[in-house]
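**Student:** Here's a sequence, model it:
(one chain, ligands or ions: 3)
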Amino acid sequence: MMTPSKPAPPSAPTPAPTPEDRLYRIVEEGMCIGCGLCESLAGPESVKMQVVDSGFERPLVVGALSHETVDAIYDTCPGTRVEALPADLAAQASSRDLVWGPHESFVEAWAGDPAVRHEGSTGGVLTALGQFLVDSGEVEFLLHAKAGGNDPTFGQPHVSETAAEVLAGAGSRYGPTAVLQTVHQNLDKGRPFAFVGKPCDISALRALARRDARVNQLIKYFLTPVCGGFASPKATEAFIENHHGVQKPEIESFRYRGFGCPGPTTFKTADGQSHAATYTEYWGEDEKSWNVPWRCKICPDGIGEGADIAAADNWPGGAPDPAIEADDPGTNAVIVRTKAGADLVARAVAAGYLVTGSRLDADHMSTVQPHQVKKRQAARARWDGMASQGRMTPRTHGLRLDALRETLSDEVYEAQRKGTAQRIQDGRAGEERPKAKNGL
Ligand SMILES: Cc1cc2nc3c(=O)[nH]c(=O)nc-3n(C[C@H](O)[C@H](O)[C@H](O)COP(=O)(O)OP(=O)(O)OC[C@H]3O[C@@H](n4cnc5c(N)ncnc54)[C@H](O)[C@@H]3O)c2cc1C
Ligand code: SF4
Ligand code: SF4
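**Tutor:** Ligands and ions are numbered 1, 2, ... in the order given. Model (predicted):
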């Protein structure tokens, strides 16, 4: 007689993820952009931004961390949530465009002071606006970024109370820049300020505003560069080594652009040697050669959907002409998104801080930012590819991703979706659990 087979022993239940697991999941799935907001929310005694093995700055859990704090991080982190303008501000905008979003106007502009225009990344618009705001006393300081921090090729948060300090932060930092690392410290001051950060940093602040009323009370203006992503630290290291024979630890200072548009990429070593390359030598001829983090590759908003003003380059085709790279004085293509932004531009022009040129339109913006158009159209397909592999996709507000998806043919949608899924399967879309570079 056959004995009945024994039922299989019940498998051990999967342990529930710890707060640490949940925070690290954002990093492991390649969704962390290194903004520093989680450190600011949790406190540096709990979560600390540190350089990790990948070369990026990532949050490390260094003390007690609760699920409640991680819930707050998931609610605001630009890896888990992407926010455009609050609905009331978006509704007030005079015009809207499927790709470019709610806006008051698009306009050419540059800094009124030729020295600021020269030193600025493009035409010095963001610096000029920051200087106008602190000089006029409308805000008490500007929270933005300047070179340095954990590495001379990185950026770090910078609080500027004077026009000279604002100018010290001019130029684009194409290395990791945790500009939100000190945002709570700055909110705690209870003083009005303006903020400059990448579109993902602005999104994080718009999300934080849903939890912390001080954001809208104290941050008077949200300003942003249009952003195609920043460079992987390992790519910058390889560039320094392969093209200039310099080892990263020898570097004392590093400037990506400015002093012309885009101006040279320059760096100095501790022994006083200076090195220079062109923007095109650093970034390569086109978008395909950009070595940017995964989160930037699937970014749904590099155009500052949450900002009052977004300042972009104005190069036909999206890249500088190498023949005139050294001589271009710099002109920004500016997206004036809100009524507050339009009022700020008008007052900065009247005070001589800013000069505006030709009015632009959405078609022009698409001509000078073709990579932004493609990314916005492809975001839904890429996120569907991520979801098909069990990856997290951010919650969004106000980005029109489904309507943008409709501008793609089914063939292109499928190619983007499958390509993303394949990258994930190939292990090209994630990171190791963060571990401090020094092994701590
Ligand atoms: C990572 C990155 C990617 C970019 N990609 C594109 C692109 O794809 N297309 C395009 O048209 N333009 C891009 N830009 C924007 C462009 O380089 C200029 O920054 C923009 O045109 C504004 O020029 P400006 O002369 O007004 O800036 P500036 O007057 O020089 O002012 C720049 C301001 O931005 C702040 N800042 C610089 N880097 C960072 C950073 N990493 N994080 C937070 N704040 C920072 C500075 O503190 C300063 O206040 C990018 C900029 C960055 C930082
Ligand atoms: S994106 Fe910012 S908030 Fe999110 S995990 Fe990274 S550093 Fe923290
Ligand atoms: S491309 Fe998007 S995610 Fe990457 S730095 Fe720019 S705004 Fe942030």
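
**Student:** rest of the way, CA atoms for contacts and neighbours
**Tutor:** OK.

**Student:** Any regions of the protein where pLDDT drops low?
**Tutor:** 1-7, 286-288, 438-440 (pLDDT under 70).

**Student:** For it, list the residues in contact with ligand 1, please.
**Tutor:** Residues of the chain that fall close to ligand 1, judged by Cα under 6 Å from any ligand atom: 120-127, 144-146, 169-174, 177, 179, 196-198, 225-230, 311-313, 332.

**Student:** name the element the residue of the stretch 251-400 of the chain found nearest ligand 3 belongs to?
**Tutor:** For the stretch 251-400 of the chain, the residue closest to ligand 3 is residue 296, as judged by Cα to the nearest ligand atom, at 3.5 Å. Per DSSP states H and E: residue 296 is located in helix 294-297.

**Student:** Check the offset of that helix from the chain's centre.
**Tutor:** Relative to its parent chain, helix 294-297 has a centroid offset of 10 Å by Cα atoms, centre = their mean, to the nearest Å.

**Student:** contact partners of that helix?
**Tutor:** Here helix 294-297 makes contact (Cα atoms under 8 Å, 6 or more residues apart in numbering) with 30-33, 79, 228-230, 375, 429-430.

**Student:** contacting residues for residue 265?
**Tutor:** 254-257, 276-279, 282.

**Student:** about what we covered before: if we take the contacts of helix 294-297, which one ends up nearest to residue 9?
**Tutor:** If you rank these by distance to residue 9 using Cα to Cα, residue 430 comes first, at 34.8 Å.

**Student:** Next, the closest one: secondary structure please.
**Tutor:** coil (DSSP: H, G, I helix; E, B strand; the rest coil).

**Student:** So that it lines up with my notes, have the first residue be 557 from now on.
**Tutor:** Understood, numbering begins at 557; the last thing we discussed is residue 986.

**Student:** Ligand 1 versus that one, what's the distance?
**Tutor:** The gap separating residue 986 from ligand 1 is 20 Å, by Cα to the nearest ligand atom, to the nearest Å.

**Student:** Just the contacts of residue 821: which are in strands?
**Tutor:** Judged by DSSP state E, strands contain the following of these: 810-811, 832-833.

**Student:** and the closest residue to residue 733 other than its chain neighbours, how many residues sit next to it?
**Tutor:** The shortest distance from residue 733 to any residue other than its chain neighbours is 4.3 Å, reached at residue 711 (Cα to Cα, 6 or more residues apart in numbering). Residue 711 has 24 neighbouring residues, counting by other Cα atoms under 10 Å.

**Student:** May I have the beta-bridge partners of residue 711?
**Tutor:** Residue 711 has these beta-bridge partners by DSSP bridges: residue 703, residue 733.

**Student:** so where do the strands sit in the stretch 857-996 of the chain?
**Tutor:** 865-868, 888-892, 910-916, 951-953 (DSSP state E, counting those that start in this stretch).

**Student:** Which elements pack onto the shortest one?
**Tutor:** It stands for strand 951-953. strand 637-639 (3 or more Cα pairs under 8 Å, 6 or more residues apart in numbering; DSSP states H and E).

**Student:** Which residues does the strand it packs on contact?
**Tutor:** Here strand 637-639 has contacts from 630-631, 756, 759-760, 762-763, 857, 861-862, 950-955, using Cα under 8 Å, 6+ apart.

**Student:** buried residues in it?
**Tutor:** The neighbour-count check on strand 637-639 (16 or more other Cα atoms under 10 Å) flags 637-639 as buried.

**Student:** want to throw those into TSV with distance to ligand 2?
**Tutor:** Below are those laid out as TSV (distance: Cα to the nearest ligand atom, whole Å):
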residue	distance to ligand 2
637	9
638	11
639	13
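
**Student:** now those in a markdown table, with distance to residue 972?
**Tutor:** Output for these, formatted as a markdown table (distance: Cα to Cα, whole Å):
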| residue | distance to residue 972 |
| --- | --- |
| 637 | 21 |
| 638 | 20 |
| 639 | 23 |
